[in-house]
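>>> quick one, fold the following:
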Amino acid sequence: MRLKKICLIILITLIPVIGSSQEGLPIYSDYLTDNYYLLHPSMAGIANCAKIRLTARQQWFGIDDAPNLQTLSAHGRIGDSQSAVGAIVYDDANGFHSTTGAQVTYAHHLLFSRNEVDLNMLSFGLSVGFNQYKLDESSFLAPGEFDQLIAGIEQSATNFNIDVGFSYHFLNFYAIATAKNILENEGINFNEQGFAFNNLRSYLVSVGNVFHKYGSDWSFEPSLLYFYRDATRENSIDVNAKVYREMDFGKIWGGLSYRRSLDGAEFLEGNDVSSQKLQIFTPFVGVDFDQLTFAYTFSYQANTINFNTGGFHQITLGYNFNCKREKYDCDCPAIN
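Sure, this is the predicted structure:
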């Protein structure tokens, strides 16, 4: 029984990591901390300010070589035009494996409004980037040992890919869709062992709306994110609730995200076959002070059997600059 549980833990915790390690920037919940551009290229430069966001994520405190991720993103309009540019760099490490990547983005925003008061905008985005994968095998063997499957060096490989997407904003409502990694690449397969996919395509769809009572300092934003990985036919959905409170110094906000996989992993529990689906709860809180943003995110995997119950911690720091006046009479935090 103990062996079966160990195998299940490996299946649930490691296969999602292996499956996403070749796909570039992992899909976490950091988009909820005013960072939709990390997922959707069409969101580059959509706001009235240019934005810089720095994130640092650490998983499983107390576990050696636990997964950790750092991202740096910047995006904004090109002068007073409807075009925008952006860039993302990131480093994602997990034990002996790491991925470093970068991408640049061009976005264009088409305004259908009769004036600058009513928001009605369709946006398109294109990102081009690269990912470099590394596997450090230098400590796999003791001095003098030999294994034909282990090179004993740091191996690396690089691929290039493209993301495309669009977004539509109408007053307080938004819908965003993105196709990631649309090019086929030769699968990364160090030493011809493990998993290798040449189809890295995945699809993301986000929808949401902001509700606000006239004269109130409070607003409420429910949203959904649907994720589909083409090669493995994996599905998951995020159900999110976010609350904003206007303050004299800026804004405070927070909320809760619930991620559930629509695919389960079956395992033996005694003589019975059981199934478990990935479930992650993510509370988050943040504050906008003048042109600065600070946010903290905590993710907790609620499955009965998992690798570690310590949770995943993430800090987001942001700076807004080159801000223009708020054009639209709407409760649209991503825009105004």
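
>>> got the end-to-end distance for stretch 324-336?
9 Å (C-alpha to C-alpha, to the nearest Å).

>>> likewise for stretch 45-56?
Per C-alpha to C-alpha, the first residue of stretch 45-56 is 22 Å away from its last.

>>> helix or strand next in line after the strand ranked longest in the chain, which one?
Criterion DSSP state E: the longest strand present in the chain is strand 250-269. As assigned by DSSP states H and E, the chain's next helix or strand after strand 250-269 is strand 272-289.

>>> what's that next one packed up against?
helix 2-21, strand 250-269, strand 292-301 (3 or more C-beta pairs under 8 Å, 6 or more residues apart in numbering; DSSP states H and E). Backbone N, C-alpha and C define where each C-beta goes, glycine included.

>>> low pLDDT regions in the stretch 201-336 of the chain?
Per-residue confidence for the stretch 201-336 of the chain (pLDDT under 70) gives these ranges: 264-275, 303-310.

>>> all the strands of the stretch 51-200 of the chain, residue numbers only.
Taking DSSP state E, counting those that start in this stretch to define them, one finds strands in the stretch 51-200 of the chain at 68-77, 83-94, 97-111, 120-136, 154-170, 173-180.

>>> the shortest one pairs with which strands?
Strand 173-180 sits in its sheet next to strand 154-170 (antiparallel), strand 202-209 (antiparallel), going by DSSP bridges.

>>> do the same with the third one
In its sheet, strand 97-111 lies beside strand 83-94 (antiparallel), strand 120-136 (antiparallel), with partners assigned from DSSP bridges.

>>> okay, the angle between the longest one and strand 68-77?
I take that to be strand 120-136. Between strand 120-136 and strand 68-77, the angle comes out at 150 degrees (axes from the mean of the first three to the mean of the last three C-alpha atoms, to 10 degrees).

>>> and for the shortest one?
Calculated by the same axes, to 10 degrees, strand 83-94 forms an angle of 180 degrees with strand 68-77.

>>> dump strand 83-94 to PDB, restricted to CA.
Provided in PDB are the C-alpha atoms of strand 83-94 (Å, rounded to 0.1, in the frame of the first residue of the first chain):
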ATOM      1  CA  SER A  83      -0.200  49.700 -30.800                       C
ATOM      2  CA  ALA A  84       1.800  48.300 -27.900                       C
ATOM      3  CA  VAL A  85       4.900  46.200 -27.200                       C
ATOM      4  CA  GLY A  86       5.900  44.000 -24.300                       C
ATOM      5  CA  ALA A  87       8.500  41.600 -23.100                       C
ATOM      6  CA  ILE A  88       8.800  38.700 -20.600                       C
ATOM      7  CA  VAL A  89      11.800  36.900 -19.200                       C
ATOM      8  CA  TYR A  90      11.600  34.100 -16.700                       C
ATOM      9  CA  ASP A  91      13.600  31.400 -15.000                       C
ATOM     10  CA  ASP A  92      11.800  28.200 -13.800                       C
ATOM     11  CA  ALA A  93      13.900  25.700 -11.800                       C
ATOM     12  CA  ASN A  94      12.800  22.300 -10.500                       C
END
